[in-house]
Each structure stands twice: as C-alpha cells, then as structure tokens.
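Participant: build me a structure from this.
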Amino acid sequence: MSEVELTPIRPDHEFDVNRIDQYMQEHVSDYRGPFTVQQFEGGQSNPTFLLETASRRYVMRKQPPGELLPSAHAVDREYRVMAALQETDVPVPEMLALCEDTNVIGTKFYIMSMVEGRLYTKTALPNLPKAERRDVYQDMARILACLHKVDPIAVGLESFGRPGNYFARQVSRWSRQYQASETETIDAMNRLIEWLPAHLPTETPPVIVHGDFRLGNVLLDESEPKVVAVLDWELSTLGDGLADLGYWCLEYYGERSEKPGGITGADLDSIGIPNERDVIQSYCRFCGRDEIENWIFYVIYNLFRSAGIIQGVYKRGLDGNASSEMALEYEGVARKRSELAWQLVEDYATN
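Facilitator: Numbers count the residues shown, from 1 in each chain. Below you'll find the model as predicted:
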C-alpha cells in the first residue's frame, strides 16, 4: 500500500481556484475543467496539490505564503530542471506550465502531470515483499548514477549553478540559512560552521545534483520494484554528486530512520535491505567510478545541511506558514542532527 496522504486544502494555503482554472485553460493544452483539489500531506517546503478533472489528474506545486528566506522555495528552478531532464534516462513528471506572475494566486507555481505510482517513506519498506526491497535500492542507485552522468550542457543547464567551489558555497549557504532561522544556540552547529570550510574535498567536474534524493522523493512503478519518477527538485543545482549519495545514506545514521519502519539498527540482511557499503558500491558501479575517499566528510556535511534545512522548517512552523502541520514536531531535531555530525567529526579525528 502506498503512503500517499491527501487532505483538504489547509487554511493557510488556500488559493483562488477560479484563477487556477482560468490559467490552465490558457496555458495547459489538453486541460478541460473544472477540477477538484486536495493537498498532499507530508511535504515540508512547497505546498503540493492534486488537481483532478473528469479525464486527467494534474499536480500543482507552489511557494508557501509569507516571507521567504533568500533562495528558498525555488519552484521555478524545480520546473526548469525537470523540464531539462524530460528526454534523459532520469524519470520525471511531464512539465506543463510555470507561472512566475505572483498576481495570479499570490505566489509562483507550476503545473505538471500526475505520475501514477507508489510512494513509500518507511525505509525498511515493510509493505513490500522482502525479495523486492533490494531491487528498489538497486534501482535508486542506478537512477542516481543516471542523473550524475547527464551532461548539464547537453540539456541546457550549464548555468544552473555557479562554477567551482561547490561545497564551500553550500556550507556558506546553509550556514546563513540556519542562522536566519535560529531559535536557540546549538554549539554543535557553530562548531560545524567552523570545521567544514577547513575540510573540503577536492573539486570535481560539476554534475546535476538533486539535493534531496531519498526514498520519500521517488515514486515506484505500481507493480514492479523500479523507480518511475524522481520528485521534489527544489534544492537541485550543479555540484558534486557525492553530496546526493551522502544525503541518501543518512538513513543508516538514524537521521531520518528512527521512526517505525526505519532501517537504523535493523538486521538488514534479514529484511532484504542492502547496507551502506552495498549502496555505495552499486552507485560506483553504475557510475563507472572507483571507491570514494574520505566518505565520512559527505555524511558529516549532509547531517549539517539537513540540520539547517529542518531548522528552517521548524521556524516556519513557529511562524505559522509551514507546508505541513508536522513542522512543529521537528523541535530539537536540528540539535540532534548537528550533535551527531559533531560526534562523527570527533570520531574521525581520533581514528
């Protein structure tokens, strides 16, 4: 059973349905209204809605209301990267229309096709047969490698990110974002803000980085253990593909996996889930690359980055403009993630 949950539109995210209907009549070629609308629950950044007509289902993704942090909630970037990947081996929904005119409903938004598939967020995949679980992870590794093998210039994304100094820029960005949404002093975050710039890896040629690659952001085929769509490209840019791999592998460090259905502490062989080393080796095989040096840096960096992201989610919850009612449940999570990252720094220093 898929874990997709639909709810009525949250009061804070209401928009003028008639304006969307008119916009789609003018900009979506096969649209025949009217439509009914429901909101997808669970997303923490850009509110997402199912628009259903008598003949077709669409998805609308928009910016949240209220004052936004600089460079956050970039739905236009999401649209651009998915449009660019349409003819590649990376499966993405069909992009139908982008509206950057905030006069239409008050924020930027875009319309895309609804991909029929299964969404799972529990990383142990308890709702799948054991025999299929490893295949899902293998296909995710294959898809991630496919993304990182796409030539940004060939798909028109050569200007999608600044050239060079990827990790330096990312550390600086998430340091600023964290500080802009800080609600308490977290010593571990302040230490990481100092440590990371002094331990950056060697620069590599830029690839397209998803920025939030994980099980909860892919759709699986309705009957087979394979990926049919990669979703939520808000954080995508040009950079080092190992940032994506390190982020995905945070599942093994308890960063997202401590809720029921996670893999932290589980007997992975017994449930059919590949371990971290298996995932890394699969990715390297699909990419045609050798072993990864200084792997722990990519884990530490991603724990820091995710702490900064989730602090922003929690702050939006306090401010009343979060995309999900779950935002306030993240109280203290930024501290926990950053302290785990700093513990890895100290362990790395003594080994």
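
Participant: strands of this structure, start to end?
Facilitator: Counting by DSSP state E, the chain has these strands, from start to end: 6-7, 36-40, 48-52, 57-62, 95-99, 109-113, 207-209, 218-220, 227-230, 237-239.

Participant: just how off-centre is the fourth one within its chain?
Facilitator: Put simply, strand 57-62 sits 17 Å off its chain's centre (Cα atoms, centre = their mean, to the nearest Å).

Participant: and it, which residues are buried?
Facilitator: Tyr58, Val59, Met60, Arg61, Lys62 (16 or more other Cβ atoms under 10 Å). Any C-beta I mention is one placed from the backbone N, CA and C, and that applies to glycine too.

Participant: so how far is Asp12 from the last one?
Facilitator: Distance from Lys62 to Asp12, counting by Cβ to Cβ, to the nearest Å: 12 Å.

Participant: same check, this time on the first one
Facilitator: Applying Cβ to Cβ, one obtains 22 Å for the distance of Tyr58 from Asp12.

Participant: then the fourth one?
Facilitator: Separation of Arg61 from Asp12 (Cβ to Cβ) stands at 16 Å.

Participant: likewise Tyr79?
Facilitator: For Tyr79, the distance to Asp12 equals 23 Å [Cβ to Cβ].

Participant: more neighbours: these two, which one.
Facilitator: The residue with more neighbours, out of Tyr79 and Asp12, is Tyr79; 23 against 14, by other Cβ atoms under 10 Å.

Participant: pretty sure that one is touching Glu94, no?
Facilitator: No. Counting by Cβ atoms under 8 Å, no contact exists between Tyr79 and Glu94, whose distance comes to 11.3 Å.

Participant: between these two, which contacts overlap?
Facilitator: Taking Cβ atoms under 8 Å, 6 or more residues apart in numbering as the contact rule, the neighbours common to Tyr79 and Glu94 are Met112.

Participant: how about the contacts made by Leu303?
Facilitator: For Leu303, the contact set (Cβ under 8 Å, 6+ apart) comprises Leu250, Tyr253, Glu255, Arg337, Ser338, Leu340, Ala341, Leu344.

Participant: in helices, which of these fall?
Facilitator: Residues from these lying in helices, with DSSP state H as the criterion: Arg337, Ser338, Leu340, Ala341, Leu344.

Participant: against Ala307, how distant is the second one?
Facilitator: The one in question is Ser338. With Cβ to Cβ as the criterion, Ser338 and Ala307 are 4 Å apart.

Participant: what residues are shared contacts of these two?
Facilitator: When Cβ under 8 Å, 6+ apart defines a contact, the residues bordering Ser338 and Ala307 alike are Ile186, Met189.

Participant: walk me through the domains of this protein.
Facilitator: Here the chain is described, according to automatic domain parsing, as comprising the domains 6-28+35-113, 130-350.

Participant: any stretches of the stretch 1-150 of the chain with poor pLDDT?
Facilitator: With pLDDT under 70 as the threshold, the stretch 1-150 of the chain has low-confidence stretches at 1-2, 42-44, 66-73.

Participant: report how many residues lie close to the closest residue in space to Arg335 that isn't next to it in sequence.
Facilitator: The spatially closest residue to Arg335, leaving aside those adjacent along the chain, is Ile186, at 4.9 Å (Cβ to Cβ, 6 or more residues apart in numbering). Ile186 is flanked by 21 other residues according to other Cβ under 10 Å.

Participant: swap in Arg169?
Facilitator: Neighbouring residues of Arg169 were enumerated by other Cβ under 10 Å; the total is 14.

Participant: can you pull the contacts of the nearest residue to Gly317 once chain neighbours are set aside?
Facilitator: For Gly317, ignoring the flanking residues on the chain, the nearest one in space by Cβ to Cβ, 6+ apart is Ala327 at 3.0 Å. If you count contacts by Cβ under 8 Å, 6+ apart, Ala327 has them with Gln44, Val313, Tyr314, Arg316, Gly317.

Participant: quick one: Ala327 from Asn321, how far?
Facilitator: Taken as Cβ to Cβ, the spacing of Ala327 relative to Asn321 amounts to 9 Å.

Participant: from Lys336, how far off is Asp267?
Facilitator: With distances defined as Cβ to Cβ, the gap from Asp267 to Lys336 amounts to 24 Å.

Participant: please apply the same query to Glu194.
Facilitator: Taking Cβ to Cβ as the measure, Glu194 and Lys336 are separated by 20 Å.

Participant: neighbour-wise, which of the two wins?
Facilitator: A count of neighbours by other Cβ under 10 Å puts Lys336 above the other of Glu194 and Lys336, at 18 against 9.

Participant: pLDDT wise, what is the more buried one at?
Facilitator: We note a pLDDT of 91 for Lys336 in this prediction.

Participant: which ones are touching it?
Facilitator: Applying Cβ under 8 Å, 6+ apart, we find Lys336 in contact with no residue.

Participant: identify the residues contacting the spatially most central residue of the chain.
Facilitator: Among the residues of the chain, the one closest to the centroid is Asp212, at 2.6 Å (Cα atoms, centre = their mean). Asp212 makes contacts with Asp232, Trp233, Glu234, Leu235, Tyr247, as judged by Cβ under 8 Å, 6+ apart.
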